[in-house]
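In: Sharing a model that was predicted from the sequence below.
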Amino acid sequence: MSTDADAIRRALQLADPRLSRFDPLPRIISFDDFDEGFCGWTQLVGNYEHTLDAMLPGYAQHTQSMLSSCIAWEFGSHGAADGTYSLKVATRPRKGAQNVTVKRLTFRRRGPIRWEFYFTFKPEANELRLSETDVRSFGFGYDLQTGDGDGNGARVMPHFRFLNARDGEHVQRWQFKPETTPIIPIGNEGKTISHYHLAPEGWVDLPGGEQKLCYNEIPTKVNWHYVCFDFDLETMRATGFRCNDRVFDLSAYEPIRMPAMRNLWCMLNLFMFAETDTDKRAFLYVDSVCLSGDF
């Protein structure tokens, strides 16, 4: 049974149009409305030491995300789901190129967390054709590490991607990644290592993960979608995932796991990415993000 405090909290959320579209856990950790700016989301820069040339090629391709009104050549601006601006993650115009945006936090207590956001995706509209298979994938995930009081600790990286197309053929399936690429030393001081965890190898189909998302009739139109991902920082396990009206079974889901790294204690990073399947840019737009916890 809800307490009076729970009822008041819920009533306040429902009275705020920006929050009422979400179903947050009791404590809102961060709420990002990109009409107010970048809200801490930034470029995922790869590790380097002494020279930027030490950065792994996967990271070297990344650029800064931008605030966008989702412009279109016919009608000027599409705007966001709410207000004018969304966060736009754009790849380079090269088949297989990726781009990533990240928000870097730490957690103060291990417990359930919930990540909700509204998004849409499309390729650059530089042809008068639908182009529905030009975006290869988009996705999101956490980069987590236990606290320094947890013995040797662990770094855990839950990943999801929606594989929209491969080599021009529609796939439309959610996938996860249980393993990363080999960890590589960076520099010669023994302080920095790196691995490109979004490499195309190693993605696994989520059982029952087929889903047809709304993709409108011309390449400049967009429709906004909803995602909710539940995770438990105590057990470091995924506990729920839904997109729009679909709730997916996570019984086979496994995040990337590896030993803790020397200076990442209590890390709570969120990232989102886009990937193109053709020699044109792919765009991921994110209207708003709500991260909440039950602590």
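Out: Yes, it's here.

In: Mind naming the longest helix for the chain?
Out: helix 4-15 (DSSP state H).

In: what about it, distance to the chain center?
Out: Centre-to-centre, helix 4-15 and its host chain are 28 Å apart (Cα atoms, centre = their mean, to the nearest Å).

In: try stretch 246-263
Out: Taking mean C-alpha positions (Cα atoms, centre = their mean), stretch 246-263 and its chain are 14 Å apart.

In: List the buried residues in that stretch.
Out: Neighbour-count burial for stretch 246-263 flags 248, 250, 253, 255-256, 260 (criterion: 16 or more other Cβ atoms under 10 Å). For glycine as for every other residue, the C-beta is placed from the backbone atoms N, C-alpha and C.

In: ditto for stretch 208-216
Out: For stretch 208-216, by 16+ other Cβ under 10 Å, it's 209, 211, 213, 215.

In: How far does it stretch from one end to the other?
Out: Start-to-end span of stretch 208-216 (Cα to Cα, to the nearest Å) is 24 Å.

In: So what touches that stretch?
Out: 122, 130, 132, 162, 164, 172-175, 222-223, 225, 243-244, 246, 248-249 (Cβ atoms under 8 Å, 6 or more residues apart in numbering).

In: Contacts for the lowest-mean-pLDDT helix or strand in the chain, please.
Out: Across the helices and strands of the chain, mean confidence by mean pLDDT, DSSP states H and E is lowest for helix 4-15: a mean of 82. Contacts with helix 4-15, where a contact means Cβ under 8 Å, 6+ apart, come from 2, 19-20, 22, 24, 26.

In: ok, now stretch 123-135?
Out: 72-73, 90, 93, 121-122, 164-165, 168-170, 215, 217-220, 274-278, 280-283.

In: Among the residues you listed, the buried ones, what's the PyMOL command?
Out: Only the buried members of the contacts of stretch 123-135 enter the following PyMOL selection, criterion being 16+ other Cβ under 10 Å:
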select buried, resi 72+90+121+122+164+165+215+219+274+275+276+277+278+280+281+282+283
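
In: Tell me which of the contacts of stretch 123-135 fall in strands.
Out: 72, 90, 121-122, 164-165, 169-170, 274-276, 282-283 (DSSP state E).

In: Distance from the chain centre to stretch 234-246, please.
Out: 14 Å.

In: Quick one: end-to-end distance for it.
Out: Per Cα to Cα, the first residue of stretch 234-246 is 26 Å away from its last.

In: Stretch 115-135 too?
Out: For stretch 115-135, the end-to-end distance is 24 Å (Cα to Cα).

In: buried set for it?
Out: 115-125, 131-135.

In: from these, which is closest to Glu234?
Out: Nearest to Glu234, judged by Cβ to Cβ, of the buried residues of stretch 115-135 is Trp115 at 16.3 Å.

In: Check the secondary structure at the closest one for me.
Out: On the three-state scheme (DSSP: H, G, I helix; E, B strand; the rest coil), Trp115 is labelled strand.

In: What's opposite it in the beta bridge?
Out: Phe229, Leu291 (DSSP bridges).

In: surely it meets Ala238?
Out: No: Trp115 is beyond contact range of Ala238, at 10.8 Å (criterion: Cβ atoms under 8 Å).

In: where do the contact lists of these two overlap?
Out: Contact criterion Cβ under 8 Å, 6+ apart; residues shared by Trp115 and Ala238: 229-231.

In: Go through these and name the one nearest Thr180.
Out: The closest of the shared contacts of Trp115 and Ala238, once distances to Thr180 are taken by Cβ to Cβ, is Phe231, at 17.7 Å.

In: mind checking how far the closest one is from Ala5?
Out: 25 Å (Cβ to Cβ, to the nearest Å).

In: And the two? Which one has more around it.
Out: Phe231 (22 against 9; other Cβ atoms under 10 Å).

In: mind checking the SS state of that one?
Out: strand.

In: Name all residues that make contact with it.
Out: Contacts of Phe231 by Cβ under 8 Å, 6+ apart are 112-115, 142, 158, 237-239.

In: same deal with Leu250?
Out: 206, 238-241.

In: go on, Arg242?
Out: Per Cβ under 8 Å, 6+ apart, neighbours of Arg242: 226-228, 248.

In: on that earlier part again, from the contacts of Leu250, pick the one nearest Ser288.
Out: Among the contacts of Leu250, and counting by Cβ to Cβ, the member closest to Ser288 is Phe241, at 18.8 Å.

In: what distance separates the start and the end of stretch 12-20?
Out: 9 Å.

In: Revised request: answer the last question for stretch 155-175.
Out: Start-to-end, stretch 155-175 (Cα to Cα) is 20 Å.

In: Equivalent analysis for stretch 216-228, please.
Out: 23 Å.
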